[in-house]
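sequence and predicted structure below; questions after.
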Amino acid sequence: MTTEPFSAYFVEVMETEKDSFFANPFIRAMEAGEVYPDALLTYVQQDHRYLDRYLPLYERAYTALTKQPIGDLFGEDPEEYEAHNVLLDLAQTDDQSIQEGDYSNLPVTEAYLQHMEAAIDANPFVGLASLAACPFDYGYLAELMIQENLVTANNPFVGWVDYYRGVDWGLTKVTLDILDQEAQKVSPAIQEAALQAFLKSTKFENAFFAQAMEVVHD
Ligand SMILES: Cc1ncc(CO)c(N)n1
């Protein structure tokens, strides 16, 4: 056992991966305050699908590890409508198409969800680590974007960044606390598998932004 909490590795992963997030065309457009309506709509559609499946997966891993019901852990806006609406407003569209659901999952969306599902099936600790990237990475990136003045008050995306800077910390903290506690009960091999699952999810997070931007160039 190491003296560092298990979740400290997640910070290390993001320190390594952050440059590739900031090279991502979707993030670069955000920093530049450039609005690509098709990319934003595609992102929100895919994210709506993603969260619909993510939330039950999270609940599965959470209850398997803690033996507790999920309660109101997801808070008041589990589908993240507030954040999505910032993007839909910028794209000058309402969310009708999203609610009607007349679109399919893009490959990264599907692959990312299947990765988390398989991780939970294999082991709930590994599963929760794979699920942790979702709140952790957004919180980390949003904080950095504000701290480093990459997105400032007059940037049209500042509301989106502010949302993830604040709201996701609740779920992040609970998730990291569980992982830090459970890490002490699992083998080094399972810890390593969990770290790899988190890294893979983080790479999917980057690809998830990128796939939305690809529609602009179609
Ligand atoms: C794909 C993805 N990752 C992370 C978040 C943040 O919850 C989100 N809404 N969507």
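That came through fine.

could you check the longest helix along the chain against the ligand for contacts?
Ranked by residue count and defined by DSSP state H, the top helix of the chain is helix 37-66. Yes: residues of helix 37-66 contacting the ligand under CB under 6 Å from any ligand atom: 47, 50-51. The C-beta positions use only the backbone N, C-alpha and C, and glycine is treated the same way.

C-terminal to that helix, what's the next element?
Downstream of helix 37-66, the first helix or strand assigned by DSSP states H and E is helix 81-90.

quick one: mean pLDDT for that following helix?
Averaging pLDDT along helix 81-90 yields 94.

spell out which parts of this protein neighbour the ligand.
Near the ligand, when you scan the chain using CB under 6 Å from any ligand atom, you find 47, 50-51, 80, 134-135, 138, 168, 205, 208.

mind redoing it with 8 Å?
By CB under 8 Å from any ligand atom, the residues of the chain that approach the ligand are 46-47, 50-51, 54, 80, 83, 109, 112, 133-135, 137-138, 164, 168, 171, 204-205, 208.

returning to what we had before: quick one: mean pLDDT over the longest helix of the chain.
Here the average pLDDT along helix 37-66 is 96.

below-threshold pLDDT in this structure: ranges please.
1-2, 95, 166-168, 216-218 (pLDDT under 70).

ranges for the helices of this structure?
For the chain, helices defined by DSSP H occupy the ranges 8-22, 25-32, 37-66, 81-90, 96-100, 107-122, 124-147, 158-166, 168-183, 188-214.
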